[in-house]
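Chemist: give the three-dimensional model of this entry:
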Amino acid sequence: MNYSLKYRILTTEELKELEKEFIQFLVVHGILGDEWKKLNEENPNEAIELVEIFSDTVLEKVYSEICYLEFKTKDLLILLAYSHNQVEQIRIQAKGSKEIDLMNWQGFTAAMNSLEKLDAFYGKKELLSLRNESIHAYVTQGFIPVNKLFWDQMKSFIAPN
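Modeler: Model (predicted):
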């Protein structure tokens, strides 16, 4: 085998959480019981490739279920909404105001009530890469999944009708 990792290898903690699924994955690939231990000892590169394949399989499923992402700092909020071939973006940034704090709900609500202290942007574009690879790139930059309701509320404030 000569597998090329698409996303990242799952952490030890993530693999522990998915132990049952990993065992099922190994069974599907013809590796039963002590064969995994033997493979690790005798051919660690092949064992690593199997972990890479499993990791990509898990992350592909996770990313395919994500539609909305958020990145937030004290003075910046970026929201992304994915469809199969495009991504929409809402970007809200404080205009140098020190009292704005978009990190907590109270500060965020206060900021939304004084829109003159914010720059807001809405846009959309066709995806130039595969959807899940784009999501992975943003997740590695610190974006986290967010729910549709929050996206819809922010879009009603910012986006043109």
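
Chemist: residues in contact with stretch 19-36?
Modeler: With contact meaning C-beta atoms under 8 Å, 6 or more residues apart in numbering, stretch 19-36 is reached by 15, 39, 47, 50, 54, 57-58. Every residue, glycine included, has its C-beta placed from N, CA and C.

Chemist: test my guess that residue 53 contacts residue 3.
Modeler: Yes - with contact defined as C-beta atoms under 8 Å, residue 53 reaches residue 3; the gap is 5.7 Å.

Chemist: by mean pLDDT, flag the weakest helix or strand of the protein.
Modeler: helix 105-112 (a mean of 76; mean pLDDT, DSSP states H and E).

Chemist: got the CA coordinates for that helix in CSV?
Modeler: Output of helix 105-112 as CSV, limited to C-alpha atoms (Å, rounded to 0.1, in the frame of the first residue of the first chain):
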residue,chain,number,x,y,z
TRP,A,105,-23.1,36.6,24.3
GLN,A,106,-23.7,39.8,26.3
GLY,A,107,-20.9,41.7,24.4
PHE,A,108,-22.1,40.3,21.1
THR,A,109,-25.7,41.4,21.7
ALA,A,110,-24.5,44.9,22.7
ALA,A,111,-22.4,45.1,19.5
MET,A,112,-25.4,44.1,17.4
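
Chemist: what helices and strands are in contact with that helix?
Modeler: Packed against helix 105-112, as judged by 3 or more C-beta pairs under 8 Å, 6 or more residues apart in numbering; DSSP states H and E, are no other helices or strands.

Chemist: strands along the chain, start to end?
Modeler: Applying DSSP state E to the chain gives strands spanning 68-73, 76-82, 86-94, 118-126, 144-145.

Chemist: how many other residues sit next to residue 77?
Modeler: Residue 77 has 20 neighbours, counted by other C-beta atoms under 10 Å.

Chemist: okay, now the closest residue to it other than its chain neighbours: neighbour count?
Modeler: Leaving aside its chain neighbours, residue 77 sits nearest to residue 92 (4.4 Å; criterion: C-beta to C-beta, 6 or more residues apart in numbering). Neighbour count of residue 92, defined by other C-beta under 10 Å: 24.
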